[in-house]
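In: Please find the sequence and the predicted model below.
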Amino acid sequence: MSGPECCTNPPTIGSGSNNDRIEEIGGLKSYTAGLLIPSNPALILIADIFGFEAPKLRQLADKLAKDGFYVVVPDFFYGDSYVPEKSLASWLPNHEAEKGCEDLKKVATDLKSKGASAIGAAGFCWGGMAISKLSTYGEIEAAVILHPGPLSDDDVNAIKFPTAILGAELDEVSPPDQLKKFGEILSANSVDNFVKIYPGVVHGWTTRYKHDDEHSVKCAMESHLDMLNWFTKYLK
């Protein structure tokens with residue numbers, strides 16, 4: 001389902017991970033940032049295979065919260081995030097994107113019951129696959145899919161909410177030509193979309209960039225701003 005690029009440059013779990021803001025949302029242990037008040041939209045960040053404890057993912061949640069969003073990063077893997085010592089082939093069958101979609105629905109429903117004015121979801125690699133399965137349920141108003149795991153034309157054909165797709169130029173898992181085709185499919189279906197390919201970066205760069213790689217850092221920050229702008233457009 002996923003390739004070796006999905007496993008490169010793993011985060012150092014525990015390095016800068018703030019566990020002070022862990023709550024249960026939709027039955028899932030979740031890192032939270034910002035305030036959930038009736039006038040605030042909520043964002044759900046869906047991790048790649050390395051899970052919700054990844055420090056850069058939590059830092060991104062904090063950054064988005066400063067712009068007026070209530071942000072949750074649920075543990076879709078129930079404490080069993082992928083680690084390099086594991087076999088990806090044996091790990092994936094226990095963590096299908098379809099199950100992630102079911103959990104995503106529960107999280108979104110819980111957030112709406114708590115008063116979120118609107119809900120967006122951003123998925124990274126595996127997380128983007130989970131979002132694509134949500135299309136027919138209507139729980140969210142907008143999505144951003146970043147360097148997605150393997151998606152099919154059928155997955156994209158089913159998407160009904162405005163969707164931005166942010167990809168890497170050097171990505172065999174989700175190559176640029178395929179992502180551009182996905183944009184064409186969405187446009188043909190009258191779904192507002194935004195597809196952007198960031199030059200010179202590889203799969204996973206948005207949350208697994210190296211701090212000493214100035215170009216990757218610059219592109220990651222640019223992708224975060226593009227994500228913020230997309231959600232601001234549709235949720236505020």
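Out: Yep, that arrived.
In: who's in contact with Phe76?
Out: With contact taken as CB atoms under 8 Å, 6 or more residues apart in numbering, Phe76 is in contact with Leu28, Ile46, Ala47, Gly51, Phe52, His95, Gly100, Asp103, Leu104, Gly127, Ala130. To be clear about C-beta, it is placed using only N, CA and C from the backbone, and glycine gets the same treatment.
In: swap that for Gly127, please
Out: Residues counted as contacts of Gly127 (CB under 8 Å, 6+ apart) are Leu45, Ile46, Ala47, Asp48, Phe76, Gly100, Leu146.
In: Surely it forms part of a helix?
Out: Yes. Gly127 sits within a helix when classified using DSSP: H, G, I helix; E, B strand; the rest coil.
In: where exactly do the strands run in the chain?
Out: Under the criterion DSSP state E, strands of the chain are mapped to 22-25, 28-33, 42-46, 70-74, 119-124, 142-146, 163-170, 193-202.
In: Run through the bridge partners of the residue lying closest to Pro175 once chain neighbours are set aside.
Out: Counting by CB to CB, 6 or more residues apart in numbering, the nearest residue to Pro175 once its immediate chain neighbours are dropped is Gly167, at 8.0 Å. Residues in a beta bridge with Gly167, per DSSP bridges, are Ile197.
In: Number of residues surrounding Gly167?
Out: Here the neighbour count serves as a burial measure; for Gly167 (other CB atoms under 10 Å) it reads 27.
In: For Val156, see how far away the residue nearest to Leu186 when sequence neighbours are not counted is.
Out: In this structure, Leu186 finds its nearest non-sequential neighbour in Asn193, 4.0 Å apart by CB to CB, 6+ apart. Shown here: Asn193 relative to Val156, a distance of 9 Å by CB to CB, to the nearest Å.
In: so where's this structure shaky on pLDDT?
Out: For the chain, the stretches with pLDDT under 70 are 1-4, 14-19, 135-138.
In: quick one, helices of it?
Out: According to DSSP state H, the chain carries its helices in the segments 55-65, 88-91, 97-113, 126-132, 153-157, 176-188, 205-208, 214-235.
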